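Colleague: Kindly generate the corresponding structure for this input.
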Amino acid sequence: SGQVCTIDKHKPIIKIFEQLQSEYPSIIFYNLLDLKELFSQSLKMKRSSNNYEWSIKIVNGRKNQGSTSDTIIIKERSNGPIASLLARINLSSIVQLQSEFVNSDRNLFDDNVRDFQKNKGLSKEILLTVRNNPKDFYMFHNGLTFTCREIIKIGSTKYTIKDPQIINGCQTVNTLFDAYKNRLSDGNLKKSSILCRFYAINNAKKIEKVCEANNTQVKISLWDLRSNDDIQKIVETALKVKNIEYRRKKSNNKKDEIYITDLAQWIFACKFKKPADAKNKKSELFSLINPNPPYYRIFDEHLKLKELVRICEVSQFVRKRISRIPKKKRIFEKDADLHLAAGIYYLENKGWNLDRKFKKVRKIISIVIKQLRKKEGKDISYNRIFSKLNETWGLMENKLKKM
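Modeller: Next comes the predicted model:
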């Protein structure tokens, strides 16, 4: 089909491609890429395939008897491109938009820093309002916020929105879509409308700021703001290749999924040997204000995939291994989870299996706890030992070196 396959300098593989090229003339050229370049190309292809034009018709309140609403349009420059638009849109159009995105394997919420949070109480209220008060829906809802590439006027009440993305309203749209995806022509859905804000923005950092300003009902954490970084998308894609479920955006994640904060803490604990700081200073791992932000060291684009996968395997093992210990028999394990992972990772070159390493490190931690309680006092808590004292790891490392 004339597609370009890019790969570089691996003779055995090049021979295979030469054979393929002779059989399939549509292969134009080939080059082998390293992992970083491969996923960079993948992201570019994904972005270029996201072009979408959404035709909207604004609800004109003057035509609805009993409505005090009117068409509201804001243009920041009268003789230039439209920078923002505020108007009411029918819910049927919103659900239709989500339906088209889902059916074409697109993501309407890719620019949002969060995934669907599944607030059952809120979802119930949304659906009750559509059913019982469809004409007043826009009065009882905060509205939706979109970013887009361009806003084009094509008529008095008609506009084209290029590359729409919802950055506030994920809960509402997913709730409506789940309920009405098989009945888009529902009468109450057509009677309902919602106030929508559109901002034509092409700057990623500006989109991030708009996300923060619009998602005020639930606090946005520093890791939420990092979720759309290119390196996060690369890590997510790379780990998926290894069948590891990594979630860079907050959601009601499954037990086996790894969330962005998990991975940052695991890397900082295992690779940088900072388990106490990883546990106690989670927010600081994502801050970009510090002179030398740890975020750029943790999520270094040159981080080896093999190393990343092993850290995930070790840390997930520790999580599951601790969960298998009956609650009554757990002593310090929950507080020491990152120290256990860091200790096992430290013993990576030992030929022991993970379970044996877990037992060895657990024993060392027991000895270290006794040492610290002798020094600091017998009442020192496990939380302080594993969250506040960097000395804990220092004592552990000295013992691990001798194994």
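
Colleague: Check which helices and strands the helix or strand hosting F146 is in contact with.
Modeller: Here F146 sits within strand 144-148, counting by DSSP states H and E. Counting contacts by 3 or more C-beta pairs under 8 Å, 6 or more residues apart in numbering; DSSP states H and E, strand 144-148 packs against strand 158-162, strand 165-168, strand 193-200, helix 204-214. Heads up, the C-betas are built off the backbone N, CA and C, glycines and all.

Colleague: List the buried residues of the helix or strand just after the shortest one.
Modeller: For strand 165-168, the succeeding helix or strand toward the C-terminus, using DSSP H and E, is helix 170-180. Within helix 170-180, the residues scored as buried using 16 or more other C-beta atoms under 10 Å are C170, Q171, T172, V173, N174, T175, L176, F177, A179, Y180.

Colleague: just to revisit the earlier point, tell me the angle the strand holding F146 makes with helix 170-180.
Modeller: 100 degrees (axes from the mean of the first three to the mean of the last three C-alpha atoms, to 10 degrees).

Colleague: Give me the sheet partners of strand 144-148 and which way each runs.
Modeller: With DSSP bridges as the test, strand 144-148 is paired with strand 165-168 (antiparallel), strand 193-200 (parallel).

Colleague: Does I161 have any beta-bridge partners, and if so which?
Modeller: Where I161 sits in a bridge, its partners, by DSSP bridges, are W54, I151.

Colleague: Count the residues that sit near it.
Modeller: Neighbourhood size, I161 [other C-beta atoms under 10 Å]: 24.

Colleague: Double-check it against E53; I have them as touching.
Modeller: Yes - under the criterion of C-beta atoms under 8 Å, I161 makes contact with E53 at 7.3 Å.

Colleague: thinking Q165 is in contact with C148, fair?
Modeller: Yes - between Q165 and C148 there is a contact under C-beta under 8 Å: 6.8 Å.

Colleague: Mind naming the longest helix for this structure?
Modeller: If you go by DSSP state H, the chain has its longest helix at helix 354-376.

Colleague: That helix: what's the following helix or strand?
Modeller: helix 382-387.

Colleague: Check the separation of the first and last residues in stretch 147-160.
Modeller: Start and end residues of stretch 147-160 are separated by 13 Å (C-alpha to C-alpha, to the nearest Å).

Colleague: Hmm, I typed the wrong one, I wanted stretch 374-381.
Modeller: With C-alpha to C-alpha, one end of stretch 374-381 sits 13 Å from the other.

Colleague: For that stretch, which outside residues touch it?
Modeller: For stretch 374-381, the external contacting residues (C-beta atoms under 8 Å, 6 or more residues apart in numbering) are L372, R373, L389.

Colleague: Now, of those, which are buried?
Modeller: L372, L389.

Colleague: Quick one: the contacts of stretch 374-381 as CSV, columns for distance to D300 and pLDDT too.
Modeller: Output for the contacts of stretch 374-381, formatted as CSV (distance: C-beta to C-beta, whole Å; pLDDT from 0 to 100):
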residue, distance to D300, pLDDT
L372, 32, 95
R373, 37, 94
L389, 27, 93
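
Colleague: Which pLDDT value goes with E333?
Modeller: Listed pLDDT for E333 reads 95.

Colleague: What strand or helix carries the closest residue to it other than its chain neighbours?
Modeller: Distances taken as C-beta to C-beta, 6 or more residues apart in numbering put I322 closest to E333, at 4.7 Å, once the chain neighbours are dropped. Using DSSP H and E, I322 falls within helix 305-324.

Colleague: Could I get the CA-only coordinates of that helix as PDB?
Modeller: Provided in PDB are the C-alpha atoms of helix 305-324 (Å, rounded to 0.1, in the frame of the first residue of the first chain):
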ATOM      1  CA  LEU A 305      13.100  -0.800  28.500                       C
ATOM      2  CA  LYS A 306      14.700  -3.900  30.000                       C
ATOM      3  CA  GLU A 307      15.500  -2.000  33.200                       C
ATOM      4  CA  LEU A 308      12.000  -0.400  33.300                       C
ATOM      5  CA  VAL A 309      10.300  -3.800  32.800                       C
ATOM      6  CA  ARG A 310      12.400  -5.400  35.600                       C
ATOM      7  CA  ILE A 311      11.600  -2.600  38.100                       C
ATOM      8  CA  CYS A 312       7.900  -3.200  37.300                       C
ATOM      9  CA  GLU A 313       8.200  -6.900  37.700                       C
ATOM     10  CA  VAL A 314      10.000  -6.700  41.000                       C
ATOM     11  CA  SER A 315       7.700  -4.000  42.500                       C
ATOM     12  CA  GLN A 316       4.500  -5.800  41.300                       C
ATOM     13  CA  PHE A 317       5.900  -9.000  42.900                       C
ATOM     14  CA  VAL A 318       6.400  -7.200  46.200                       C
ATOM     15  CA  ARG A 319       2.900  -5.800  46.100                       C
ATOM     16  CA  LYS A 320       1.400  -9.300  45.500                       C
ATOM     17  CA  ARG A 321       3.700 -11.000  47.900                       C
ATOM     18  CA  ILE A 322       2.700  -8.600  50.700                       C
ATOM     19  CA  SER A 323      -1.000  -9.100  49.900                       C
ATOM     20  CA  ARG A 324      -0.500 -12.900  50.400                       C
END
